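Peer 1: Fold the following, please.
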Amino acid sequence: MDTQETPKEKKKADPLDMDKLGKVIEELRLAMNGSEEDIDQETLVKMVQKNRAFMLEYAMAAYLDNPKNGELLGSVTSILAAVEKSVREDRKERMKKKDAENNKLAFNQMLDAMQSINNGSIKMPVFDLSDFILDPNKSLVPENSTMLPIQEGELVQGNSVVDIDGNPV
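Peer 2: Next up, the predicted model:
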């Protein structure tokens with residue numbers, strides 16, 4: 001009872017469900033055609049993901065029936081990868097177009113706003129800066145007659161030691 005195959009034996013693939021294969025191929029064809037509602041091609045992505053194992057199993061069975069044709073298995077896996085890649089690229093292109101539209105819309109809105117400001121339909125605040133120049137001889141605060149003028153001793157600056165009430169020590 002030797003369970004290993006000898007190199008001269010050709011391993012045959014298990015028979016596949018041809019009805020399911022027909023359904024999968026029809027589902028793939030419909031998904032690849034797409035529809036107006038499925039702009040992001042979600043149906044195609046879900047179909048490929050759902051049936052990937054079956055399609056690879058079918059490719060492996062076809063390869064096992066004819067192992068000299070190694071390109072068959074690689075071709076099916078390449079086709080599945082290419083379908084997924086093309087869907088991703090289509091999504092990226094649509095996102096770029098959508099971003100470009102959003103940028104164009106925002107730019108047009110900004111132009112409209114600037115045009116409205118130019119036309120005067122939007123009033124902008126106006127600041128009169130003619131009195132803004134500072135005169136060094138003019139006081140910044142209005143004079144208060146109740147305040148005593150600064151005494152000569154107060155003009156001397158430096159450190160003074162005071163107690164908690166502010167009296168010099």
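
Peer 1: Roughly how far does N33 sit from E27?
Peer 2: Distance of N33 to E27, computed by CB to CB, to the nearest Å: 11 Å. In this view, the C-beta of every residue, glycine as well, is placed from N, C-alpha and C.

Peer 1: Looking at the two, which one has more neighbours?
Peer 2: Set side by side, N33 and E27 show more neighbours around E27, with 16 against 9, by other CB atoms under 10 Å.

Peer 1: where does the protein dip in pLDDT?
Peer 2: Scanning the chain for pLDDT under 70 picks out the ranges 1-16, 34, 38-40, 130-132.

Peer 1: Which residue ranges of it form helices?
Peer 2: 18-33, 42-65, 71-119, 152-155 (DSSP state H).

Peer 1: Quick check: buried residues in stretch 53-60?
Peer 2: By 16 or more other CB atoms under 10 Å, the buried positions in stretch 53-60 come out as M55, Y58, A59, M60.

Peer 1: would you list those in TSV and tack on distance to M110?
Peer 2: Output for the buried residues of stretch 53-60, formatted as TSV (distance: CB to CB, whole Å):
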residue	distance to M110
M55	50
Y58	56
A59	54
M60	58
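
Peer 1: Closest one to I150 out of those residues, please.
Peer 2: Checking those against I150 by CB to CB gives M55 as the nearest, at 94.6 Å.

Peer 1: My understanding was that that closest one contacts L80; is that so?
Peer 2: Yes. Counting by CB atoms under 8 Å, M55 does reach L80; the two are 6.3 Å apart.

Peer 1: got a list of what the residue most central in space within the chain touches?
Peer 2: With distances taken as CA atoms, centre = their mean, M95 lies nearest the centre of the chain, 9.1 Å away. Taking CB atoms under 8 Å, 6 or more residues apart in numbering, we find M95 in contact with no residue.

Peer 1: A81 versus that one, what's the distance?
Peer 2: Separation of M95 from A81 (CB to CB): 21 Å.
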